[in-house]
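Undergrad: Provide a 3D model corresponding to the input given below.
(one chain, ligands or ions: 4)
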Amino acid sequence: MANLIEKAKNYTMNRRKFLGLTATVTAGAAVTLTGCGLTSVDSTTASAHLAGKEGEWVPVACWHNCGGRCSNKAYVVEGVVVRQKTDDTHQDTPDYPQQRGCNRGRSQRMQVFGADRLKYPMKRKNWEPGGGKKELRGKDEWVRISWDEAYEIVASEINRIKDQYGNRSIFASNAGDFGRVLNLAGGYIGSWGTSSWGSWRWGPEKFGMAEGFFEQSINDRMDLRNSQLVVIVGGNSSWSAAGNPTYHYLQAKKAGAEFVFLDPIYSDTVELLDADWLPIMPTTDHALFLGMAHTLLVEDNPTTNPLIDWDFLNKYTVGFDTDHMPEGADPKENFKDYVLGTYDNIPKTAEWAAELCGISADKIRELALRIAKTERVALLTAWGPARTHNSDSWPHMFMTFGAMTGNIGKSGAMTGVSCHYSTANGGTWLVTAGGNGLPPVPNPIKETINDNEMWLAILDGKYVAGKNDVRDVNIQMIYHGPEAHLQTRSGQTKGIEAHRHVEFVLSTSHFLTTNSKFADVVLPVTTEWEKIGGFGGFSNRETLIFWRQMTDPLYEAKSDIRIAYELAEKMGLDANKILPIDEKQMFYNQVSGAKVVAADGKTMEPLVTLTEADIQEIGAKGTPQQGRISYQELKTKGMYQVERKPGDNLGFIAYESFVKDPVANPLKTASGKLEIHCQALVDFVNGKGFTEIRPIPTYNPAQEGYEATFKDFKNKTKGDFPLQVINPHYLRRSHSIFDNVTWLREAWPNPVFLAAKDAEERGIKEGDTVLISSKHGKTLRPAHVVEWIAPGVVGLPHGAWVEIDEKTQVDKAGSDNILTGPIPTGQGIGAWNSTICQVEKWDGEPLTEDVKWPQRIVL
Ligand SMILES: Nc1nc2c(c(=O)[nH]1)N[C@H]1C(S)=C(S)[C@@H](COP(=O)(O)OP(=O)(O)OC[C@H]3O[C@@H](n4cnc5c(=O)[nH]c(N)nc54)[C@H](O)[C@@H]3O)O[C@H]1N2
Ligand SMILES: Nc1nc2c(c(=O)[nH]1)N[C@H]1C(S)=C(S)[C@@H](COP(=O)(O)OP(=O)(O)OC[C@H]3O[C@@H](n4cnc5c(=O)[nH]c(N)nc54)[C@H](O)[C@@H]3O)O[C@H]1N2
Ligand code: SF4
Ligand SMILES: [Mo]
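TA: Ligands and ions are numbered 1, 2, ... in the order given. Down below sits the predicted model:
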């Protein structure tokens with residue numbers, strides 16, 4: 001081992017050798033070494049040394065917001081991760097499937113021990129108090145500093161800025177644990193947004209949808225097998241819901257369900273399920289559903305051709321027609337008359353919808369009738385279609401159509417969100433982790449700025465705080481914590497400008513991410529592999545993943561909360577408020593507070609058996625308890641999964657109690673019913689102060705949606721930005737995370753997906769470097785010319801780290817948010833899938849594959 005450590009230490013000596021190491025990593029053969037603050041050694045040396053030696057499988061964290069949550073284990077020999085594996089704790093069956101990881105999780109060691117990990121605190125070379133050549137942010141050199149100097153700089157800048165401009169001049173869009181010290185120091189302005197959910201975030205609870213939360217809007221996976229038809233509006237689980245969801249869909253298929261997808265992409269999921277595909281133009285689903293509603297209204301005859309579930313509408317909803325209006329509402333403002341065009345003279349016919357959405361009127365009618373004539377339909381949607389401007393009424397429309405067709409609250413019939421961790425498996429949690437017991441440190445400042453407006457607010461000095469409430473603001477410090485918002489929020493071009501505008505930018509980070517690249521001071525933080533242990537959140541309802549520490553903190557990295565604590569001490573604040581209990585106790589609280597569903601299928605009881613010896617081993621205070629799994633077994637297995645069987649009492653039917661007895665179990669709306677006319681939704685959305693909606697689900701075209709690609713929509717003349725660009729969540733990354741991992745760069749190149757027709761019209765061939773331009777920015781990518789995306793739609797995978805070329809000022813990395821605009825609408829939706837663009841052949845230097853680009857190794 002001594003030789004191995006020596007060799008690795010030498011590698012850390014200089015940058016060139018580090019780059020050499022990176023090449024080894026790229027070749028895919030490196031192992032990782034821990035315990036002495038080192039990164040990688042070449043595989044021959046390591047293998048020779050470690051061959052035949054016994055190690056241990058350690059359950060390790062895979063903690064990203066990736067839509068999955070899987071078992072991940074590292075085989076550790078003498079502190080070296082030799083290989084990784086995933087769930088093999090039980091046989092894999094459709095009813096009781098393994099929780100297997102994806103290729104990102106299996107590459108996790110290349111991230112944790114990457115040669116590009118930040119090793120020391122550092123400052124920008126030209127930084128000076130107050131800024132110092134602020135325009136160099138993003139391109140300056142870095143200088144190593146001690147933790148002491150780092151705390152000194154951060155403390156004095158926070159104090160200087162708050163003395164000079166007040167605490168309202170400090171901005172953090174997700175401060176995480178560091179927020180505790182900012183709060184102790186008087187607080188900061190935060191941000192808000194609908195992020196993942198688009199218009200599903202808050203609006204739907206106003207009209208009665210999604211009892212509890214979105215995961216309770218659909219039935220569970222076992223019940224999905226009772227559906228005869230599954231209609232999925234924008235959803236590609238095989239890319240964006242890793243783990244078992246696609247497998248669950250497959251079980252429904254095997255049980256006899258037919259599948260239809262409305263999606264601009266003929267995805268791997270559509271192909272796997274041998275589904276019917278309707279290539280809809282992004283941002284137009286609402287129009288298509290109105291066309292279907294119109295079809296049903298004009299063709300329905302309760303005796304000869306029953307297509308609408310009038311009983312359901314009459315008993316469970318208000319606002320569908322004049323006879324069923326909520327108290328005090330204008331009777332003209334009903335859904336039926338809107339669809340028929342009674343007052344606006346625009347019947348929302350299938351032909352009207354076809355113009356707007358790109359699906360023919362015949363196909364729209366056919367789908368409407370197919371749904372209406374099938375007894376048990378699952379109407380499912382992921383969030384992609386809702387991450388569009390002005391989509392605030394879209395969930396309302398979707399629910400209304402579900403109600404019209406009676407697909408709510410019954411076995412095999414459901415209408416709701418199938419996305420992220422609850423894709424194809426809705427319901428309440430059957431197993432949960434305990435809280436860590438850390439009391440909050442409240443932020444004295446209650447103001448927050450919408451994500452879409454934050455960069456503009458920094459540049460222009462004002463923001464919208466609500467209807468008729470525009471406020472002045474003077475942001476002079478930005479803090480970046482566990483988020484990648486300069487990369488993942490709209491309007492990145494403005495974001496970069498904003499970062500060069502303020503007096504101080506601080507970032508805590510694992511790598512020189514976009515946030516950190518544009519900062520003045522960067523502090524290295526530990527990954528979960530270096531922390532004490534815990535549970536993975538956002539799993540599926542049946543599974544709880546447990547992980548434990550596998551290495552001491554690497555280099556000089558510290559956790560955010562430790563940094564907050566030490567900074568508070570430096571600033572003379574009451575640091576004990578930051579960490580009133582220690583990290584071991586926080587870990588213990590999560591374990592002892594974990595719960596699992598009892599035999600009755602309802603009550604939750606303790607999950608983990610803890611003995612006196614276990615409590616001592618953890619080093620916490622507590623009392624022994626009896627649970628379902630021993631602490632020692634949990635430490636080895638790394639997970640607990642509730643075993644499911646068809647017909648067990650652990651299933652879930654969304655809205656079941658409401659549908660059984662709407663009087664005894666009303667929804668949380670003013671009327672207690674599903675509100676197709678919903679004043680609360682109007683008050684909420686219009687109250688945000690951006691745009692306005694009506695109480696019934698009317699179609700509101702997106703800024704930068706399909707219609708905006710035309711100069712003259714009537715004559716179908718295209719404008720300067722004739723294409724729509726959407727951002728599929730991509731297998732290489734979890735958002736921006738993993739983009740720097742060379743194994744994944746090699747496995748998943750990062751092209752732009754172009755429809756063959758669009759490519760041909762532009763003389764673009766497979767592999768050509770193309771320039772993608774929007775109103776807001778420009779980026780380059782190699783073209784991948786495909787038949788599986790609707791002509792007119794461009795697929796730019798989400799999350800690549802921006803890389804502005806100094807000569808051309810064009811991004812080379814395919815950063816999605818270089819193209820998006822900072823435009824808040826409605827409830828402040830992150831409206832990434834409503835962006836219009838042009839694509840052309842690039843006549844500059846062609847791109848090289850990004851797997852060959854140098855890693856961002858600093859110091
Ligand atoms: N154009 C476009 N933009 C989008 C989307 C889109 O489809 N298109 N999708 C949106 C969606 S759905 C989402 S959820 C968001 C995601 O937006 P973000 O949450 O901003 O994205 P992540 O890349 O997950 O960023 C997490 C960051 O936290 C860092 N991190 C992890 N752990 C720690 C820690 O302990 N301490 C510190 N200090 N840092 C840590 C990671 O390294 C990473 O840089 O992106 C949104 N942005
Ligand atoms: N690999 C990977 N998986 C992830 C993530 C990741 O970054 N990488 N992120 C996770 C997170 S936080 C989230 S929120 C989820 C997001 O999960 P989703 O919202 O499901 O993900 P997307 O890939 O953005 O979109 C899904 C589908 O919607 C389609 N679509 C886009 N716009 C429209 C539209 O206007 N109408 C219709 N009908 N379809 C449209 C796209 O073509 C795509 O097939 O993914 C999670 N899973
Ligand atoms: S799906 Fe997510 S949690 Fe599972 S292995 Fe992949 S990255 Fe890790
Ligand atoms: Mo998300």
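Undergrad: what does stretch 323-331 contact?
TA: The contact list for stretch 323-331 (C-beta atoms under 8 Å, 6 or more residues apart in numbering) reads 313-314, 317-319, 322, 333-334, 670-671, 675, 677, 679, 695. In short, each C-beta sits where N, CA and C put it, glycine included.
Undergrad: swap in stretch 499-510?
TA: Contacts for stretch 499-510 (C-beta under 8 Å, 6+ apart): 111, 117-118, 130-131, 134-135, 137-138, 154, 157, 161, 178, 458-459, 475-481, 486, 513, 515-516, 518-525, 527, 557, 560, 563.
Undergrad: let's go with 7 Å and repeat that
TA: Residues from elsewhere that reach stretch 499-510, judged by C-beta atoms under 7 Å, 6 or more residues apart in numbering: 117-118, 130-131, 134-135, 137, 154, 157, 161, 178, 458-459, 475-481, 486, 515-516, 518-523, 525, 527, 560, 563.
Undergrad: For those, I'd like a selection string for PyMOL - just the buried members, please.
TA: In PyMOL, this line selects whichever of the contacts of stretch 499-510 come out buried by 16 or more other C-beta atoms under 10 Å:
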select buried, resi 117+118+131+134+137+154+157+161+178+458+459+475+476+477+478+479+480+481+486+515+516+518+519+520+521+522+523+525+527+560+563
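Undergrad: for stretch 827-837, what is the average pLDDT?
TA: Stretch 827-837 shows a mean pLDDT of 98.
Undergrad: now the end-to-end length of it.
TA: With C-alpha to C-alpha, to the nearest Å applied, stretch 827-837 spans 24 Å between its terminal residues.
Undergrad: Spatially nearest residue to Pro701, not counting backbone neighbours?
TA: Take Pro701 and drop its neighbours on the chain: the residue closest to it by C-beta to C-beta, 6 or more residues apart in numbering is Glu707, 5.0 Å away.
Undergrad: nope, Lys635 is what I meant
TA: For Lys635, the spatially nearest residue (C-beta to C-beta, 6+ apart) is Arg548, at 6.3 Å.
Undergrad: these two touch, right, that neighbour and Pro59?
TA: Yes - with contact defined as C-beta atoms under 7 Å, Arg548 reaches Pro59; the gap is 6.2 Å.
Undergrad: Which of those two has more residues huddled nearby?
TA: Remark: of Arg548 and Pro59, Pro59 carries more neighbours, 21 against 18, as counted by other C-beta atoms under 10 Å.
Undergrad: what about whichever residue of the stretch 101-250 of the chain sits closest to ligand 2, neighbour count?
TA: Relative to ligand 2, the nearest point of the stretch 101-250 of the chain is Gly234 (2.5 Å; C-beta to the nearest ligand atom). Look at Gly234: counted by other C-beta under 10 Å, it has 25 neighbours.
Undergrad: again, but for Cys70
TA: Neighbourhood size, Cys70 [other C-beta under 10 Å]: 25.
Undergrad: ok now do it, which residues does it touch?
TA: By C-beta under 7 Å, 6+ apart, the contact list for Cys70 reads 62, 86-87, 99-101, 105, 243.
Undergrad: That one in helix, strand or coil?
TA: coil (DSSP: H, G, I helix; E, B strand; the rest coil).
Undergrad: Could you measure from it over to ligand 1?
TA: Relative to ligand 1, Cys70 is positioned 17 Å away (C-beta to the nearest ligand atom, to the nearest Å).
Undergrad: what does Trp147 give?
TA: Using C-beta to the nearest ligand atom, Trp147 is found at 15 Å from ligand 1.
Undergrad: give me phi/psi at that residue?
TA: phi -60, psi -40 (degrees, to the nearest 10).
Undergrad: list the contacts for it?
TA: Trp147 makes contact with 121, 556, according to C-beta under 7 Å, 6+ apart.
Undergrad: ok, 6 Å please
TA: Trp147 sits next to Pro121 when contact means C-beta atoms under 6 Å, 6 or more residues apart in numbering.
Undergrad: Would you mind listing what in the stretch 151-300 of the chain touches ligand 1?
TA: Counting by C-beta under 6 Å from any ligand atom, the residues of the stretch 151-300 of the chain close to ligand 1 are 195-196.
Undergrad: In the stretch 151-300 of the chain, what residue comes closest to ligand 1?
TA: Counting by C-beta to the nearest ligand atom, the stretch 151-300 of the chain gets nearest ligand 1 through Ser196, at 3.6 Å.
Undergrad: would you say that residue is within a helix?
TA: Yes - counting by three-state DSSP, Ser196 is located in a helix.
Undergrad: Phi, psi for the nearest residue to it once chain neighbours are set aside please.
TA: Nearest non-adjacent residue to Ser196, counting by C-beta to C-beta, 6+ apart: Trp383, 5.7 Å away. Dihedral pair for Trp383: phi -90, psi -10, per degrees, to the nearest 10.
Undergrad: now Leu184
TA: Phi and psi for Leu184, reported as degrees, to the nearest 10, are phi -60, psi -30.
Undergrad: and it, how many neighbours?
TA: Per other C-beta under 10 Å, the neighbour tally for Leu184 reads 20.
Undergrad: Of all the residues in the stretch 1-150 of the chain, which one is nearest ligand 1?
TA: Asn65 (4.9 Å).
Undergrad: Touching, the residue nearest to Ser196 and Trp197? I think so.
TA: Yes - using C-beta atoms under 6 Å, Trp383 is in contact with Trp197, at 5.4 Å.
Undergrad: ok, these two, which is more surrounded?
TA: Per other C-beta under 10 Å, whichever of Trp383 and Trp197 has more neighbours is Trp383, with 26 against 23.
Undergrad: okay, how far is it across stretch 451-467, tip to tip?
TA: End-to-end for stretch 451-467, by C-alpha to C-alpha: 17 Å.
Undergrad: Enumerate every residue touching the residue of the stretch 1-150 of the chain closest to ligand 1.
TA: Under the criterion of C-beta under 6 Å, 6+ apart, Asn65 has no contact partners.
Undergrad: and it, what element?
TA: If you go by DSSP states H and E, Asn65 is not part of any helix or strand.
Undergrad: Stretch 255-269 and ligand 2 in contact?
TA: Yes - judged by C-beta under 6 Å from any ligand atom, stretch 255-269 and ligand 2 are in contact via 262-265, 267.
Undergrad: just curious, which of those is nearest to Lys660?
TA: Leu262 (31.0 Å; C-beta to C-beta).
Undergrad: Any idea how many residues pack against the closest one?
TA: Neighbours of Leu262 under the rule other C-beta under 10 Å: 23.
Undergrad: check contacts around it.
TA: Shown in contact with Leu262 (C-beta under 6 Å, 6+ apart): 233, 278, 280.
Undergrad: State whether the second one and Gly358 are indeed in contact, as I suppose.
TA: No - in this structure, Leu278 sits apart from Gly358 without contact. The criterion is C-beta under 6 Å, and the distance is 9.0 Å.
Undergrad: For Ile294, give its distance to ligand 2.
TA: Ile isn't right for residue 294; it's His. Taken as C-beta to the nearest ligand atom, the span from His294 to ligand 2 is 19 Å.
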